[in-house]
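Student: Got a sequence here, can you build the structure:
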Amino acid sequence: MQEPSKNSAVEQIIERFNQYSDWEDRYRELIKTGKSLNELDESQKIDKFKVRGCQSQVWLVPELKDGKVLFKADSDAVLVKGIVALLVEAYSGLTPEEITSQDTGFLKEIGITEHLSMNRTNGLANMVKQIKMYAIAFQSLIAKGVTNVPTL
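Tutor: Numbers count the residues shown, from 1 in each chain. Below you'll find the predicted structure:
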């Protein structure tokens, strides 16, 4: 049985971050990852796409294309933008089923979660929860024969 594509994306993230032995270097890589995100159009920075429970403003915009979920995201905070960029990298391009079965252990493995404040940790949990909720919504649409949805 072939491994789902999520594993290769997560493995690449782990490999990229594990080349650094200290938190400062990993932090710089996280910031660099955030800078690689394309900024959302202002029309997408709306309440509908805002992640609740985050200290900073975070927007997650989902799309269903050919049965795969694609995410765009942005944040007004540099560190949080890096975190949401990692989640976009890990989860975009997967089926809803792959998303709902994927855990976030890779974030602990690369040393991100141990350096977050309680508020940031809660925000991260809310980002993951939102991603999984979008996946569940798309699962129900796919069950009805819908394979493409520009945004929810």
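Student: Where does pLDDT dip in the chain?
Tutor: Along the chain, segments meeting pLDDT under 70 span 1-7, 152.
Student: the longest helix in it is where?
Tutor: Longest helix in the chain, counting residues (DSSP state H): helix 118-143.
Student: how far does it sit from the chain's center?
Tutor: 9 Å (Cα atoms, centre = their mean, to the nearest Å).
Student: Sort out which residues of that helix are buried, please.
Tutor: 120, 123-124, 126-128, 130-132, 134-135, 137-139, 141-142 (16 or more other Cβ atoms under 10 Å). The C-beta positions use only the backbone N, C-alpha and C, and glycine is treated the same way.
Student: Need the three-state assignment for V61.
Tutor: With DSSP: H, G, I helix; E, B strand; the rest coil as the basis, V61 sits in strand.
Student: In contact with it, which residues?
Tutor: L40, Q44, F49, F71, K72, A73, T151 (Cβ atoms under 8 Å, 6 or more residues apart in numbering).
Student: out of those residues, which one sits closest to G93?
Tutor: The shortest approach to G93 among the contacts of V61 belongs to F71, at 9.1 Å (Cβ to Cβ).
Student: so what's the residue nearest the centre of the chain closest to, chain neighbours aside?
Tutor: Against the mean C-alpha coordinate of the chain, by Cα atoms, centre = their mean, the closest residue is L87 at 2.2 Å. Excluding the flanking residues, the one nearest L87 by Cβ to Cβ, 6 or more residues apart in numbering is M127, at 5.8 Å.
Student: what's the distance between the one you found and V84?
Tutor: Per Cβ to Cβ, to the nearest Å, M127 is found 6 Å from V84.
Student: hey, what's in contact with both of these two?
Tutor: In contact with both M127 and V84: V58, L60, using Cβ under 8 Å, 6+ apart.
Student: Which element, helix or strand, includes F71?
Tutor: Assigned by DSSP states H and E, F71 falls within strand 68-75.
Student: how far away is the closest residue in space to H115 that isn't next to it in sequence from S92?
Tutor: When the adjacent residues along the chain are set aside, H115 lies closest to W23, with 5.6 Å between them (Cβ to Cβ, 6+ apart). Distance of W23 to S92, given as Cβ to Cβ: 26 Å.
Student: what's the longest helix of the chain packed up against?
Tutor: strand 58-65, strand 68-75, helix 78-91, helix 96-101 (3 or more Cβ pairs under 8 Å, 6 or more residues apart in numbering; DSSP states H and E).
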